[in-house]
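Student: Next input, structure requested:
(chains A and B)
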Amino acid sequence: MIQALRGTRDILPEEVGYWQLIEATVRETLGRAVYQEIRLPIFEQTALFERGIGEATDVVGKEMYTFSSRGDKSITLRPEGTAGVVRAFIQNKLHAQGGVQRLWYTGPMFRYERPQAGRQRQFHQVGLELLGCDAPRADAEVIALATDILQRLGLKNLELDINSVGNGADRAQYRAALINYLEPYQNDLDEDSKDRLMRNPLRILDSKDPRTQEIAQNAPKITEHLSLESKKHFDTVLNLLSNLNIKYQINHCLVRGLDYYTHTAFEIKSDDLGAQATVCGGGRYDGLVKELGGPETQAVGWAIGMERLVLLLQQLKSNPVIAPELYIVSRGEAAEAQGLILAQKLRNAGFAVELDLSGSAFGKQFKRADRSGAVACLVLGDAEAESKSVNLKWLASGEQQAIAQSDLLGMSQELKVKIAGLKKP
RNA sequence: GCGGGCGUAGCCAAGUGGUUAAGGCAGUGGUUUGUGGUACCACCAUUCGUGGGUUCAAGUCCCAUCGUCCGCCCCA
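Tutor: Coordinates of the predicted model:
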């Protein structure tokens, strides 16, 4: 048997209701904030990610699906969305429209990793980018939209962690201070952290190794090494969040894994997900547009992991099912033909109609009608076919009434009201 | 990439070397050939993820492989 590749998954009808709920909530919430959807290619030139995300990051270093296409061009399945949005922003000269660009996207991303709960090789994100604004209000708006979406989905037990990684100069200065602090402890650090000491010392703060954590505890904090301007930006963002009644905690160890982040970095986490706890991650990336060849453009954004959101929603509510309102039971050649026509007409009139195609005994068809969750049956046998009528049977009460087929559509308003009243919530 | 757990029908499972692989849900047929929801009856794995091996005998032990889950790592 040929099966789906490791780390990929089928999303079956029993699960897809959650996805649709998330998509509808995102579309509505972001629509109200006047963000525009953007749809982008799933693969790009490898150089886009190498330059955008950073050569030293794990994502670029060991997790990309990279291959050469005919003609030797190196292409990569996108491991995240921001680099592509920025590429499109530059290529289509969206900056020429002036003002800010508010964009969102959704779709599959690809990273070659060991699969785990909440972690696939093909996974899905919905993400948002606000380009062309350096005001702290932009950071706050973007974070508020993320918490809105999660709240409207009914999710509880979420925590917002926030930190500032400053601008390039702040970071260089902090990096030196951190290395200076860590060097005496070099031999006490875990293996990964030793490797990172020169390459990417900020990530050491994130280590889960107990001894390393102990050392990191007393490390200098980046917020103490920010320039006045950076500090002011961070404080303002925090203030604005408080004004919006958004609870946060400053996490001095929060350092995101992609190189392009500047100033604000944040994560929304859940305790109900195991090791892959981050539902939403994002931050400001003031240097990326320029780095990729565009004009100097400040920007801020985030991405939400859809699979992780689905996992949380599944703990909260059952999958919305699509039940028919009307179920058509028919038997006999003429009746079956008429049933098909009625089904089409009723569907066009706005009813959810399931047609029993089995041709089996009436008893069996009624049994299926029951299980389908339908409110009423339309029954057609030889007698009804002969008289061009139909038996309308209400399944809860068992009441039946004979109706001329030609009268059925004229009654549709009345039927809709009655069905709505009888529908199971 | 590293370490560990698991893999019996569509789903949940019992089974711990002795030969017919429990049970439940779902499904199909019947009691009921024009009327359902209940009940009862029957059917539903020559086979235990896959491939090798050990043994007189393997779902049960060993090896490999695939998948899945947990942790590391990474991140959404």
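Student: does A:G281 count as helix, strand or coil?
Tutor: State at A:G281, reduced to three classes by DSSP: H, G, I helix; E, B strand; the rest coil: strand.
Student: neighbours around it, how many?
Tutor: For A:G281, the number of neighbouring residues by other CB atoms under 10 Å comes to 24. All C-beta spots, glycine's among them, are computed from the backbone N, C-alpha and C.
Student: Distance of the closest residue in space to it that isn't next to it in sequence relative to A:L158?
Tutor: The spatial neighbour of A:G281 that comes closest, neighbours along the chain excluded (CB to CB, 6 or more residues apart in numbering), is A:E267 at 4.8 Å. When CB to CB, to the nearest Å is the yardstick, A:E267 and A:L158 sit 10 Å from each other.
Student: With A:N319 as the reference, measure out to the residue nearest to A:G281.
Tutor: In this structure, A:E267 and A:N319 are separated by 28 Å, where distance is defined by CB to CB.
Student: If you count surrounding residues, which of the two has more?
Tutor: Neighbours per residue, other CB under 10 Å: of A:E267 and A:N319, the larger number sits with A:E267, 20 against 17.
Student: Tell me if that one really is in a strand.
Tutor: Yes: remark: A:E267 belongs to a strand, assigned using three-state DSSP.
Student: For it, list the residues it contacts.
Tutor: For A:E267, the contacting residues are A:L160, A:D161, A:N251, A:L254, A:R256, A:T278, A:C280, A:G281, A:G282, taking CB atoms under 8 Å, 6 or more residues apart in numbering as the criterion.
Student: restrict those residues to those near RNA strand B?
Tutor: A:R256, A:T278, A:C280, A:G281 (CB under 7 Å from any atom of the strand).
Student: what two of those have the greatest distance between them?
Tutor: Considering CB to CB, no two members of these lie farther apart than A:R256 and A:C280, which are separated by 11.8 Å.
Student: more crowded one of those two?
Tutor: A direct count of neighbours by other CB under 10 Å for A:R256 and A:C280 places A:C280 higher, at 26 against 21.
Student: so what's that one up against?
Tutor: With CB under 8 Å, 6+ apart as the criterion, the residues that contact A:C280 are A:A146, A:L150, A:E267, A:I268, A:W302, A:A303, A:I304, A:G305.
Student: what are the bridge partners for the spatially closest residue to the fifth one that is not a sequence neighbour, then?
Tutor: Right, A:W302. Nearest residue to A:W302, sequence neighbours excluded (CB to CB, 6+ apart): A:G282, at 2.6 Å. The partner list for A:G282 in beta bridges (DSSP bridges) reads A:F266, A:W302.
Student: And chain A, what are its domain boundaries?
Tutor: Listed by automatic domain parsing, the domain ranges of chain A are A:13-167+A:227-316, A:326-418.
Student: and the shortest one, anywhere near RNA strand B?
Tutor: To tie it back to what came earlier, the one meant is domain A:326-418. Yes: for a cut-off given as CB under 7 Å from any atom of the strand, domain A:326-418 has contacts with RNA strand B, namely A:331-332, A:358, A:360-364, A:366-371, A:377, A:379, A:381-384, A:391, A:393, A:395-398, A:400.
Student: where along the stretch 101-250 of chain A do the helices fall?
Tutor: Listed from the start of the chain, the stretch 101-250 of chain A has helices (DSSP state H, counting those that start in this stretch) covering A:136-152, A:168-182, A:191-199, A:210-217, A:228-243.
Student: These: which one's closest to RNA strand B?
Tutor: Taking CB to the nearest atom of the strand as the criterion, RNA strand B comes closest to helix A:191-199 out of the helices of the stretch 101-250 of chain A, the separation being 5.2 Å.
Student: other SSEs contacting the closest one?
Tutor: Using 3 or more CB pairs under 8 Å, 6 or more residues apart in numbering; DSSP states H and E as the contact criterion, the neighbours of helix A:191-199 among helices and strands are helix A:168-182.
Student: Quick one: mean pLDDT for the helix it packs on?
Tutor: When pLDDT is averaged over helix A:168-182, the result is 89.
Student: What lies in contact with that helix?
Tutor: By CB under 8 Å, 6+ apart, the list of residues contacting helix A:168-182 from outside reads A:165-166, A:189, A:197-198, A:201-202, A:204, A:215, A:219-220, A:222, A:225-227, A:230, A:262, A:287.
Student: same thing with stretch A:389-398?
Tutor: By CB under 8 Å, 6+ apart, the surrounding residues in contact with stretch A:389-398 are A:338, A:342, A:369-370, A:374-380, A:384, A:399-405, A:408, A:422.
Student: gap between the two ends of it?
Tutor: The first and last residues of stretch A:389-398 sit 18 Å apart, counting by CA to CA, to the nearest Å.
Student: in it, what's buried?
Tutor: When burial is assessed from 16 or more other CB atoms under 10 Å, stretch A:389-398 yields the following buried residues: A:S389, A:V390, A:N391, A:L392, A:K393, A:L395.
Student: Turn the residues you listed into TSV, columns for secondary structure and distance to A:L240.
Tutor: Supplementary listing: the buried residues of stretch A:389-398 in TSV, determined by DSSP: H, G, I helix; E, B strand; the rest coil; distance: CB to CB, whole Å:
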residue	secondary structure	distance to A:L240
A:S389	strand	67
A:V390	strand	62
A:N391	strand	64
A:L392	strand	59
A:K393	strand	60
A:L395	coil	55
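Student: and which of these is nearest A:Q314?
Tutor: Within the buried residues of stretch A:389-398, distances to A:Q314 taken as CB to CB reach their minimum at A:L395, with 29.6 Å.
Student: ok, that closest one to A:C377 distance?
Tutor: Noted for A:L395: a distance of 6 Å to A:C377, by CB to CB.
Student: what is in contact with these two at once?
Tutor: Common contacts of A:L395 and A:C377 (CB under 8 Å, 6+ apart): A:A369.
Student: Out of the domains of chain A, which one sits most buried?
Tutor: domain A:13-167+A:227-316 (a mean of 18; mean count of other CB atoms under 10 Å).
Student: Report how far apart the opening and closing residues of that domain are.
Tutor: The first and final residues of domain A:13-167+A:227-316 sit 18 Å from each other (CA to CA).
Student: returning to that earlier point: near RNA strand B, which of the contacts of A:C280 show up?
Tutor: Among the contacts of A:C280, the residues that sit close to RNA strand B (CB under 7 Å from any atom of the strand) are A:E267, A:A303, A:I304, A:G305.
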